[in-house]
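> for reference, the sequence and a predicted model appear below.
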Amino acid sequence: MSAKRLDVHGTLRDMEWRRWRELGFSLGLVALLAGLLNGMGFFEAGRLIQGGVNLARFAREMFPPDVRILPTIAGALVETLQMAFAGTLLGFLLSFPLGVLGSRALFPAGVVAVVRFLVAALRTVPSLLWAVLMVIVVGLGPLAGTLALAFYTVGYLAKLYAELFEAIDPEILEAMRGVGAKRRHLIRFVLWPESANVILSQLLFMLEYNVRASTVLGLVGAGGIGFYMQAYLGTMAYSRLTTVLLAVLLLVIGMDALSAWIRRRYLLQP
Amino acid sequence: MTQSFPSLRRAVFLASEEIAVAVEDLWFAYREGKWILHGVNLQVPAGGFWAIMGPSGAGKTTLMRILAGLLPFPRGQVFLLGHPLQGKPEPGLRRIIGYIPQQLGLVRGLTALENVLLGSLARHPGWRTALGFFPRAEIERAMELLELLDLADKAGEKVFRLSGGERQRVAIARTLMQDPQLILADEFVSDLDLPRAAQVLAFVHRLARERGLTVILNLHELQLVQEFADHVVILKEGQVVFESPALDLSWPLFREIMEGKR
């Protein structure tokens, strides 16, 4: 037994002090939020009531949805899906090698730093801005949207993959080096099989994200259903806009279901 | 600290092929000034079955990794089967050293057969194997090894589905696939219960005897050391504090050494 006696009074005082500090921190956060919202006019009752009235009027005009436009928007929906698939896969093909180059487990610090800077720069640009840039580069249409999604995908997946590869058990890499494996063998026989589960999981997540993102790229002329969203919004054809939104909702739900099925069917159970 | 330079005769002796592993005044530190190994000396004869024992942190794994050519060392000399490991070791040297790390270093997402095939990479370092295409003869050899280790029916099974004992055998098969002359195994049976560990060691022992391999194992269990090893070395705080034929190391003596009474 330790000669030192347990200081019950001191322990209780410490615990109490910690509780008060946590409470103070939480209250401070709430006060900060209230201050921010107040600055934006959130607590102006008249403005909120007027907003509610506007919303009700907008909702009235949105329903019932005008389903006669379905044949018109069907092609755009398919194009949206195509952009999402192609953009995600193209992005993945670029992300994997960049992820490998950005992993300290395989490459020297200098290479890793350059690659990580490049990937961080790609990630800074939002997908809509990528779409504007790509429209300037390749002109209007789905190619611009696809490239925009691909660049955006690279910014995220390459970073996630680099971190994933760095987390691989160093003993496996060491054992492989011990049998005379070259870097190319490490990529093929360690990085890929050890990370396949997470790679596929993140790829599906990105695909789901890109399906959502691709629906708005048409706003800047980068193809897909966004073109119709902008057109119906601009001409105040809200019942048609509702049809477009519902179609997008179905597309996203369908994509989520497909992704869930692929996860269940193909992801390895360790 | 001054480094000792062996005489020419001694250098010739250390580099001789009769001595499978010669370690002369080996020092190593992961961080400046914090030595993990303090002037270790060892001479393991070709065909020897040696055990290294010692408490955690004694430097056993570090010594193994240095012998496997995975850690460059700042001071001392190491000769493996007559070839120097210091400086830039000969590229072919790695081929003849089979190293089994503590957690085995198997790729869990690959099958048992694929893991064994990886042992042939030093013979086929090209792009063909990197794409997953191994020569037919190597595949047949890997299958033979799996059969030898009673794992033929598990060849297509992913490693993460195998039991602990089966994984040990896959690791042994991968090492044998290298065609090594020296096997270094770092506490590779420490996760198994004693009877299973004894079974695995019995197998390695028999193979080593049949093929004339030199084996150095890090082991914790004195019982296993007495049963299988012909020589034992005890490392403490990075130094060899005891060395003798394995059967001369009794329980009381072992306890005294570990408790620092000797």
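On my side now, so go ahead. Residues are numbered from 1 along each chain as shown, chains lettered A, B, ... in the order given.

> let me see the contact set for A:S127.
A:148-149, A:152, A:213, A:217 (C-beta atoms under 8 Å, 6 or more residues apart in numbering or on different chains). (Glycine included, C-beta is placed from N, CA and C.)

> what's the neighbour count on the nearest residue to it once chain neighbours are set aside?
Closest residue to A:S127 apart from its sequence neighbours, by C-beta to C-beta, 6 or more residues apart in numbering or on different chains: A:Y152 at 4.2 Å. Other residues near A:Y152 come to 26 when the count uses other C-beta atoms under 10 Å in any protein chain shown.

> next one, pLDDT for A:Y152 please.
A:Y152 carries a pLDDT value of 91.

> would it be right to say that it lies in a helix?
Yes. Assigned with DSSP: H, G, I helix; E, B strand; the rest coil, A:Y152 falls within a helix.

> now stretch B:226-240 - C-alpha only, CSV.
In CSV, the C-alpha atoms belonging to stretch B:226-240 read as follows (Å, rounded to 0.1, in the frame of the first residue of the first chain):
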residue,chain,number,x,y,z
GLN,B,226,16.0,-26.2,-23.7
GLU,B,227,14.0,-28.5,-26.0
PHE,B,228,15.0,-27.1,-29.4
ALA,B,229,18.0,-24.8,-29.2
ASP,B,230,21.5,-26.0,-29.2
HIS,B,231,22.9,-22.8,-27.8
VAL,B,232,21.4,-19.8,-25.9
VAL,B,233,22.4,-16.2,-25.5
ILE,B,234,20.9,-13.8,-23.0
LEU,B,235,20.8,-10.1,-23.8
LYS,B,236,20.2,-7.5,-21.1
GLU,B,237,20.2,-3.8,-21.6
GLY,B,238,21.8,-4.3,-25.0
GLN,B,239,24.7,-6.5,-23.8
VAL,B,240,25.3,-10.2,-24.0
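
> for chain B, what helix or strand is lowest in average pLDDT?
Using mean pLDDT, DSSP states H and E, helix B:8-14 stands out as the lowest-scoring helix or strand of chain B, at a mean of 58.

> hang on, the earlier thing: tell me the two of the contacts of A:S127 that are most distant?
A:Y152 and A:L217 (10.1 Å; C-beta to C-beta).

> if we can go back for a sec, any idea how far the residue nearest to A:S127 lies from chain B?
Per C-beta to the nearest C-beta, to the nearest Å, A:Y152 is found 29 Å from chain B.

> same question for A:I172.
Separation of A:I172 from chain B (C-beta to the nearest C-beta): 5 Å.

> gap between the helix or strand harbouring that residue and the chain center?
For A:I172, the host element (DSSP states H and E) is helix A:170-178. Helix A:170-178 has its C-alpha centroid displaced from the chain centroid by 33 Å (C-alpha atoms, centre = their mean, to the nearest Å).

> try stretch A:29-49
For stretch A:29-49, the distance to the chain centre is 29 Å (C-alpha atoms, centre = their mean).

> equivalent analysis for stretch B:30-39, please.
That offset, for stretch B:30-39, works out to 21 Å (C-alpha atoms, centre = their mean).

> check stretch A:144-159 too.
11 Å.

> list the strands paired with the helix or strand containing B:V78, with their directions.
Here B:V78, judged by DSSP H and E, is contained in strand B:75-80. For strand B:75-80, the paired strands and their directions (DSSP bridges) are strand B:19-31 (antiparallel), strand B:83-84 (antiparallel).

> gap between the residue positioned nearest the centre of chain A and A:R183?
The centroid of chain A falls nearest to A:Y209 when counting by C-alpha atoms, centre = their mean (5.2 Å). Separation of A:Y209 from A:R183 (C-beta to C-beta, to the nearest Å) stands at 31 Å.

> swap in A:L27?
54 Å.

> so for those two, which residue has more residues nearby?
A:R183 (13 against 10).

> backbone dihedrals for B:M53, please?
According to degrees, to the nearest 10, the main-chain angles of B:M53 amount to phi -120, psi 170.

> tell me the first helix or strand C-terminal of the helix holding A:I172.
Per DSSP H and E, the first helix or strand lying C-terminal to helix A:170-178 is helix A:183-186.

> can I get that next one as PDB, trimmed to CA atoms?
Output in PDB follows, covering the C-alpha atoms of helix A:183-186 (Å, rounded to 0.1, in the frame of the first residue of the first chain):
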ATOM      1  CA  ARG A 183       8.400  -0.500 -54.100                       C
ATOM      2  CA  ARG A 184       6.200  -1.700 -57.000                       C
ATOM      3  CA  HIS A 185       5.600  -4.900 -55.100                       C
ATOM      4  CA  LEU A 186       4.800  -3.100 -51.900                       C
END
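
> now that helix: mean pLDDT?
Mean pLDDT, helix A:183-186: 92.

> re earlier: for the residue nearest to A:S127, what are its contacts?
By C-beta under 8 Å, 6+ apart, the contact list for A:Y152 reads A:87, A:91, A:122, A:125-127, A:130, A:210, A:213.

> ok, now A:D169?
Contacts of A:D169 (C-beta under 8 Å, 6+ apart): A:194, B:103, B:105.

> gap between it and A:G234?
Remark: distance between A:D169 and A:G234 (C-beta to C-beta) = 55 Å.

> same check, this time on A:G155
Distance, A:G155 to A:G234, by C-beta to C-beta: 31 Å.

> and B:E243, by the same measure?
From B:E243 to A:G234 the distance is 88 Å (C-beta to C-beta).

> what about the two, which has more around it?
Shown here are B:E243 and A:G234; by other C-beta under 10 Å, B:E243 has more neighbours (17 against 9).

> would you map the helices across chain B?
B:8-14, B:60-67, B:112-117, B:127-130, B:136-148, B:164-177, B:194-211, B:222-228, B:251-258 (DSSP state H).

> give the buried residues for the shortest one.
It stands for helix B:127-130. B:129-130 (16 or more other C-beta atoms under 10 Å in any protein chain shown).

> that one near chain A at all?
Yes. Counting by C-beta under 8 Å from any C-beta of the partner chain, chain A has neighbours in helix B:127-130: B:127, B:129-130.

> if we can go back for a sec, show me which of the contacts of A:S127 has the smallest pLDDT value.
A:L217 (80).

> got a list of what it touches?
Contact analysis of A:L217 by C-beta under 8 Å, 6+ apart lists A:83, A:127-128, A:131, A:144-145, A:148-149, A:223-224, A:226.

> surely it forms part of a helix?
Yes. When three-state DSSP is applied, A:L217 is found to be in a helix.

> and it, how far is that from A:D256?
For A:L217 relative to A:D256 (C-beta to C-beta), the value is 19 Å.

> picking up where we left off before, looking at the strands paired with strand B:75-80, which is buried most?
Comparing the strands paired with strand B:75-80 by mean neighbour count (mean count of other C-beta atoms under 10 Å in any protein chain shown), strand B:19-31 ranks first with a mean of 19.

> can you give the contact residues for the helix holding A:I172?
For helix A:170-178, contacts defined as C-beta under 8 Å, 6+ apart pick out A:105, A:185-186, A:189-190, A:194, B:65, B:68-70, B:94, B:97-107, B:118, B:121.

> so how far is the host helix or strand of A:L200 from its chain's centroid?
Element membership for A:L200 (DSSP H and E) is helix A:192-217. Put simply, helix A:192-217 sits 9 Å off its chain's centre (C-alpha atoms, centre = their mean).
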